[in-house]
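[1] I need the structure of the sequence given here:
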Amino acid sequence: MQKEQSAQLYERACKSLVGGVNSPVRAYNSVGGNPIFMERGEGVFVYDVDGNQYVDLVGSYGPMILGHAHPRVLDEVQAALNKSFTFGASTEMEIKTAEIVKEAFPQMDKVRFVNSGTEAVLSTIRLARAFTGKKKIVKFAGCYHGHSDALLVAAGSGLATMGIPSSQGVPEEAVQNTLIAEFNDIESVRNIIASNENEIAAIFIEAVAGNMGVVVPETTFMQELRSLCNQHNILLVIDEVMTGFRKKFGGAQDFFHVQADISCLGKIIGGGMPVGAYGGKAEVMDKVAPLGDVYQAGTLSGNPIAMACGYATLNELKKQDYKRANELGKRLKKTLLTAAKEYGHRITVNQFGLMVNPFFTEEAVVDFNSAKSSDTELFAKFFWAMAEEGVSIPPSQFEAWFIPIIISDAEMSELNQKIHSAFKAIKQ
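    Just a heads-up that it's a prediction; the model follows:
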């Protein structure tokens, strides 16, 4: 595996970019070594600047469910590019994309497009407080909802990777109305509600906690959460930035038989372009300007190029076999468990549709504390063993893997062999 060009680019990047990157996990702090610089992608493969080929299980941390350079997505984007990059005015493509999102999420009467999942959640906090007239919000330890101040406490993602409980620069007053519950623990939620009666505007939860690995909530937990919100006039906000369109053409809410008051989306709905969205019932969404007094705006919100990319991606996903997609996830889980056992490693593998994560721990991973029991040093060795075998996985124990829905059976068989070789390489 050649690394010289990546090493040179990283040295150069460190002179102009903070830490040489534009998002912390890309710095490879938790796995050591220099970051791999990518050059292009095609189908399920990505190619770095040194010419190495990898099966891509990062998928840009979620958006690239159709793989890279999908021809019909490229055609739609090129057609939009030929018209203009942006107008600062409304376009038909915004409507078409909103309509296809509503088709997949019938609980949404109206949608507002923004530029990222972070922006969607940040806007939702303001909306929930305005709609309920209450200030406090609840989040779960290990759940990551982007880098807005109010939710950047007890978070997963890069904060889990770097072992940071919060972030410098977030003043106490910014989080004094943020309450922390334990994931998959309904009693912790009940206790918080009892101690803050009539003060909680919303409960925020990832449909599947993908930023502390892949931690799936119990169905009963989600349903009891919905019931508690109903009883206490609290809005339930389900963050489907990762899970939206991942297990079915729609949301993970359907899997749990629960409907959110407000749903947050991102990643897949932009197809690789910067798009986020939030949506819900009309009575809630009509509080947002220009209909209501909850202000939210964006110069590039609903950007025509991004909308075209998202619309084309969602249109293609309507044609995909999600039953096969879910089997792909189960197949990868089985491969990981079998290969690890063969070479003397004890791991736990969590899986939800096309989202998979192996934890280097024997303990069942059901929340943030159990996720943190993982052997991150052993994971780092595994990361580089996988890279040597030509498989790109996230450089963090606490980031989900994403299988491209277009991967062929032959490519899955090849991936199986590569995983076995990687576990053999780190045999203890």
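
[2] any idea which helix or strand comes after the longest helix along the chain?
    Longest helix in the chain, counting residues (DSSP state H): helix 322-342. For helix 322-342, the succeeding helix or strand toward the C-terminus, using DSSP states H and E, is strand 348-352.

[3] Could you check how far whatever helix or strand comes next after that following strand is from the centre of its chain?
    Where DSSP H and E defines the elements, the next helix or strand beyond strand 348-352 is strand 355-359. Put simply, strand 355-359 sits 13 Å off its chain's centre (CA atoms, centre = their mean, to the nearest Å).

[4] before we move on, what about stretch 111-129?
    How far stretch 111-129 lies from its chain's middle: 15 Å, per CA atoms, centre = their mean.

[5] Need the CA coordinates for that stretch. PDB is fine.
    Provided in PDB are the C-alpha atoms of stretch 111-129 (Å, rounded to 0.1, in the frame of the first residue of the first chain):
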ATOM      1  CA  VAL A 111     -40.700  20.400   5.000                       C
ATOM      2  CA  ARG A 112     -38.000  23.100   5.300                       C
ATOM      3  CA  PHE A 113     -34.700  22.500   3.600                       C
ATOM      4  CA  VAL A 114     -31.400  23.700   5.100                       C
ATOM      5  CA  ASN A 115     -27.700  23.000   4.400                       C
ATOM      6  CA  SER A 116     -26.800  20.300   6.900                       C
ATOM      7  CA  GLY A 117     -28.100  18.000   9.600                       C
ATOM      8  CA  THR A 118     -26.600  20.300  12.200                       C
ATOM      9  CA  GLU A 119     -28.600  23.200  10.800                       C
ATOM     10  CA  ALA A 120     -31.800  21.100  10.800                       C
ATOM     11  CA  VAL A 121     -31.500  20.200  14.400                       C
ATOM     12  CA  LEU A 122     -30.500  23.700  15.500                       C
ATOM     13  CA  SER A 123     -33.600  25.100  13.800                       C
ATOM     14  CA  THR A 124     -35.800  22.400  15.400                       C
ATOM     15  CA  ILE A 125     -34.700  23.400  18.900                       C
ATOM     16  CA  ARG A 126     -35.900  27.000  18.300                       C
ATOM     17  CA  LEU A 127     -39.100  25.700  16.700                       C
ATOM     18  CA  ALA A 128     -39.900  23.300  19.600                       C
ATOM     19  CA  ARG A 129     -39.400  26.000  22.200                       C
END
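
[6] start the count at 576, not 1, going forward
    Sure, I'll start counting at 576 from here, so that last one is stretch 686-704.

[7] Okay, buried residues for that stretch please.
    Within stretch 686-704, the residues that count as buried by 16 or more other CB atoms under 10 Å are 686-704. Bear in mind the C-beta positions are built from the backbone N, C-alpha and C, glycine included.

[8] circling back: ok, residues contacting the longest helix of the chain?
    Residues from elsewhere that reach helix 897-917 (CB atoms under 8 Å, 6 or more residues apart in numbering): 822-824, 921-922, 924, 926-931, 933, 976, 978, 980, 982, 987, 990-991, 994-995, 997-999.

[9] Lovely, talk soon.
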